[in-house]
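*Asks:* fold the stuff below for me.
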Amino acid sequence: MDWKPNRHSSIPVYKQIAAHIEQLISNGEYPAGSVLPSERALSKELQVNRSTIVAAFEELRALGIIESLQGKGTIVSKNIWGGTNRRIPNWEKLIETGSFLPNPSMMRTIRKEMYHQDLIDLASGELSPELSASPYFRKILATEDFTYHVGYDHPQGNLNLRQTIAQHLKEYRNISATPSSILVTSGAQQALYLIVQCLLQNGDAVAIEDPSYCYSLPLFKSAGIRSFLLPSDEQGVDPEDIIDLYKKHRIKMVFLNPNFQNPTGSLLHIDRRKRILEISSYYGIPIVEDDPYSLTAFDQTKVPTLKSLDQNGTVLYISSLSKIVASGLRIGWIFGPQKAIERLADAKQQIDFGHSIIPEWVAKQFLSSEDFPIHLQKLRNSLACNRDKIVFSLHDLLGDQVEFFAPDGGIHLWCKVKSEIDEQQLLNESIRRGVVYVPGSIFGTKKGYARFTFGRASEDHIYDAMTRFSEALRHHV
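*Replies:* Sure, this is the predicted structure:
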């Protein structure tokens, strides 16, 4: 719990703890019948003596709010407030039967651990604070005049921002777009959600890469979509596999992350890109291109997106500023056929009444400023240094115990551990030693892999992080 008792208060600490737990129970965070953390766990988390927790539990037990059951521990009473004519909602059942599925349990554990300050984070798929564009945002907020009306704007997003995104796509990604065919979204995640909800229906089949970030998303299962896997190597997916899946399952869409792919860092070969577009056009299969990383190419080579090669309008293009500017800005976009964009915009309007004008204004100012290319170059240089540091660390600490290739862009390194491992146990041991990463099975069917995000940890911490991982691995095997 993100709460600590006030040791300077006149209220005894045990009473503060009892009152806080009672509030959590009242709010439904601990439903009737649920098991409370142990006395030992709470005393450690709240940094108090175990006797203080015992006193707090006694207070709640006297009120009839909790009870102790042999073999189960301390649970929330099913008749919490003592009135037999009142029933507590069965929150557990409601949670289990909701149509929107939770994230995988291992991913939820990782996300919880990532907030611990004493962990080195190689798991979070975002930039470290020092690599984000925060200093430029402060400059914009301090020097630029904000003249927009702070109200609901166009369902597709602010027109000035969409015009700026269209110019950005032409200059940096060789994509010719119009503002009317762009929808501003809350990052790429919302873009994927809107596409699945609006353009597919229960029972439809889609193809995703294996491994793939999409594999970790429950949004496909929540919508009743059947996902089929496209095996991937260092040059991406094999286009002929798309044909096979179409003939067997009549797939409706293909979801690809072709540029410095998450999690592998691979770059889809140009010949495969062209063949995929031929297949897409011949069979009428839309391609959803998720492209957060193409501008991170370390050698500054312009990576050709699928959309820039698309001659027939079969590609829905998704990108965002999360991986090159700042994830907290929550600015992403979809570019595609205007009719499809209007449908997606209508759905977004139902969800959140459109994007907030304030981050849109900041994004517009930054993208059109002279600072953006300066930031982008600094980012590429820093990411290349981080990549080199993690590659050196793996070679130095683990040698032939692991296999990997060094990506030429992006923020992830995909590493295979040669020895047989229990992913959950290795993760737990790594967290105990102070480093967190994402086990490979979260992204697909391949076992014995780890995704290390070198864009998240600072360069100074990377060797230390890999030292802790190597120690955990030696302890595990």
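*Asks:* please name the nearest non-neighbouring residue to the residue nearest the centre of the chain.
*Replies:* With distances taken as CA atoms, centre = their mean, the residue of the chain nearest its centroid is Gly125 (5.9 Å). The shortest distance from Gly125 to any non-neighbouring residue, by CB to CB, 6 or more residues apart in numbering, is to Thr453 (5.9 Å). The way it works is simple: take the backbone N, C-alpha and C, and place the C-beta from them, glycine included.
*Asks:* returning to that earlier point: confirm for me that the residue nearest to the centre of the chain is in contact with Gly410.
*Replies:* No. In terms of CB atoms under 8 Å, Gly125 does not count as a neighbour of Gly410; the distance is 10.1 Å.
*Asks:* spit out the residues that contact these two alike.
*Replies:* Where contact means CB atoms under 8 Å, 6 or more residues apart in numbering, the residues bridging Gly125 and Gly410 through contact with each are 262, 323.
*Asks:* longest helix anywhere in this protein?
*Replies:* Counting residues, the longest helix in the chain under DSSP state H turns out to be helix 371-398.
*Asks:* pLDDT score for the residue nearest to Gly125?
*Replies:* Predicted confidence (pLDDT) for Thr453: 97.
*Asks:* what about it, how many neighbours?
*Replies:* When neighbours are defined as other CB atoms under 10 Å, Thr453 has 25 of them.
*Asks:* got it, and the one 3 residues further on?
*Replies:* Burial measure for Arg456: 26 neighbouring residues, criterion other CB under 10 Å.
*Asks:* got a list of what it touches?
*Replies:* Taking CB under 8 Å, 6+ apart, we find Arg456 in contact with 121-128, 411.
*Asks:* try Ser369
*Replies:* Contacts of Ser369 by CB under 8 Å, 6+ apart are 136, 140.
*Asks:* quick check: which element contains it?
*Replies:* Using DSSP states H and E, Ser369 sits in no helix or strand.
*Asks:* for it, grab phi and psi.
*Replies:* Ser369 adopts backbone torsions of phi -90, psi 170, taken as degrees, to the nearest 10.
*Asks:* and it, what's its pLDDT?
*Replies:* Ser369 is given a pLDDT of 97.
*Asks:* before we move on, what about Asp271?
*Replies:* Reported pLDDT at Asp271 in the predicted model: 97.
*Asks:* and it, how close does it get to Gln201?
*Replies:* Taken as CB to CB, to the nearest Å, the spacing of Asp271 relative to Gln201 amounts to 34 Å.
*Asks:* against which helices or strands is the biggest strand by length in the chain packed?
*Replies:* Secondary structure assigned by DSSP state E gives strand 226-233 as the longest strand of the chain. Contact partners of strand 226-233 among helices and strands, from 3 or more CB pairs under 8 Å, 6 or more residues apart in numbering; DSSP states H and E: strand 205-210, helix 239-249.
*Asks:* for the record, mean pLDDT for the longest one?
*Replies:* Right, helix 239-249. If you average the pLDDT over helix 239-249, you get 98.
*Asks:* what's the answer for stretch 425-432, then?
*Replies:* Summarised as a single mean, pLDDT over stretch 425-432 is 94.
*Asks:* if we look at that stretch, which residues are touching it?
*Replies:* Where contact means CB under 8 Å, 6+ apart, the residues beyond stretch 425-432 that reach it are 106, 109-110, 113, 119, 417, 436-437, 439, 468-469, 472-473, 475-476.
*Asks:* repeat the analysis, applying 7 Å as the threshold.
*Replies:* Applying CB atoms under 7 Å, 6 or more residues apart in numbering, the set of residues contacting stretch 425-432 from outside is 113, 119, 436-437, 439, 468-469, 472-473, 475-476.
*Asks:* filter those to the buried ones?
*Replies:* Buried residues within those, counting neighbours by 16 or more other CB atoms under 10 Å: 113, 119, 436-437, 439, 468-469, 472-473, 476.
*Asks:* closest to Thr178 among these?
*Replies:* Of all the buried ones among the contacts of stretch 425-432, Tyr437 has the smallest distance to Thr178: 41.2 Å, by CB to CB.
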